[in-house]
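Visitor: What follows is a predicted structure for the sequence shown.
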Amino acid sequence: DAKTTQPTSMDCAEGRAANLPCNHSTISGNEYVYWYRQIHSQGPQYIIHGLKNNETNEMASLIITEDRKSSTLILPHATLRDTAVYYCIIMNRDDKIIFGKGTRLHILP
Amino acid sequence: EAQVTQNPRYLITVTGKKLTVTCSQNMNHEYMSWYRQDPGLGLRQIYYSMNVEVTDKGDVPEGYKVSRKEKRNFPLILESPSPNQTSLYFCASSSQGLRDYGYTFGSGTRLTVV
């Protein structure tokens, strides 16, 4: 199972782009990169996922390096409501998602 | 509205008194799962189900039971709750193509066992 490494916490000014990195150097060829976030004590919320190509949706963009060993989640214009723990998750071969510790993102007014 | 519904949201119970936390989804999802979340330990999977009548242990199944008699429901049963099962519990569901779709999580059940 691929494991991920994320910074424990990050700060970002409101209105700026928040760039959250994730390392997953042992990812295998058929595993996807998923991002979720959890706002205090609420259920985790799906954000975006990708395999090889960069992806964008209404919430965020996902940039995956060519070797797939790392990725970056980009929130283009962070707001206070984006304060949350962000989880980078690699789907294992049994299709069980395993949550790591995530990155606690603080959006500063 | 597509959602996963857990009940109750909050529950305080005593050691040894059997309880059930219900989970229901209205998206016709095949896959359902239960997680518990504890400070410093993150989200850990308790049990999961790939479809009706198919359940498997997750990472921390001890002290829990589940059943999947219908596609929409996946109750979590604590036969004899103990204080170390005090936690925040989440139910989640997903379509069969797990790698193409994300999980939908419920709002959580905060359980306290005294």
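Guide: Everything's here; your move. This one's a predicted model, so the numbers in the text were calculated from it and none came from an experiment. Numbering: from 1, shown residues only, chains lettered A, B, ... in the order given.
Visitor: What parts of chain B come near chain A?
Guide: Proximity of chain B to chain A (CB under 8 Å from any CB of the partner chain) is limited to residues B:4, B:31, B:33, B:35, B:42-45, B:48, B:58-59, B:88, B:90, B:92, B:98-99, B:102-108, B:110. Where you see a C-beta, it was placed from the backbone N, CA and C, and this is true even at glycine.
Visitor: could you redo the last one with a cut-off of 7 Å?
Guide: B:42-43, B:45, B:48, B:88, B:90, B:98-99, B:102-103, B:105-108 (CB under 7 Å from any CB of the partner chain).
Visitor: so B:Leu43 is in which element?
Guide: Assessed by DSSP states H and E, B:Leu43 sits inside strand B:42-51.
Visitor: quick one: strands adjacent to that strand?
Guide: Here strand B:42-51 is paired, per DSSP bridges, with strand B:31-38 (antiparallel), strand B:54-57 (antiparallel).
Visitor: got the contact list for the last one?
Guide: I take that to be strand B:54-57. B:47-49, B:66, B:68 (CB atoms under 7 Å, 6 or more residues apart in numbering or on different chains).
Visitor: okay, and for chain A, where does confidence drop off?
Guide: Counting by pLDDT under 70, the low-confidence segments of chain A come to A:1-2, A:92-96.
Visitor: Name the residues of it found near chain B, please.
Guide: A:32, A:34, A:41-44, A:46, A:49, A:91, A:95-97, A:99-101.
Visitor: Please check the residues you listed and keep the buried ones.
Guide: Using 16 or more other CB atoms under 10 Å in any protein chain shown as the burial test, the residues of chain A next to chain B include A:32, A:34, A:43-44, A:46, A:49, A:91, A:96-97, A:99-101 as buried.
Visitor: Which of these sits closest to A:Lys3?
Guide: If you rank those by distance to A:Lys3 using CB to CB, A:Gly100 comes first, at 7.2 Å.
Visitor: which non-adjacent residue is nearest the closest one?
Guide: Nearest residue to A:Gly100, sequence neighbours excluded (CB to CB, 6 or more residues apart in numbering or on different chains): A:Thr4, at 5.3 Å.
Visitor: and if you look at B:Leu88?
Guide: Of all residues not flanking B:Leu88 in the chain, B:Gln37 sits nearest, at 4.5 Å (CB to CB, 6+ apart).
Visitor: Would you mind measuring from A:Glu31 to A:Tyr86?
Guide: Separation of A:Glu31 from A:Tyr86 (CB to CB, to the nearest Å) stands at 19 Å.
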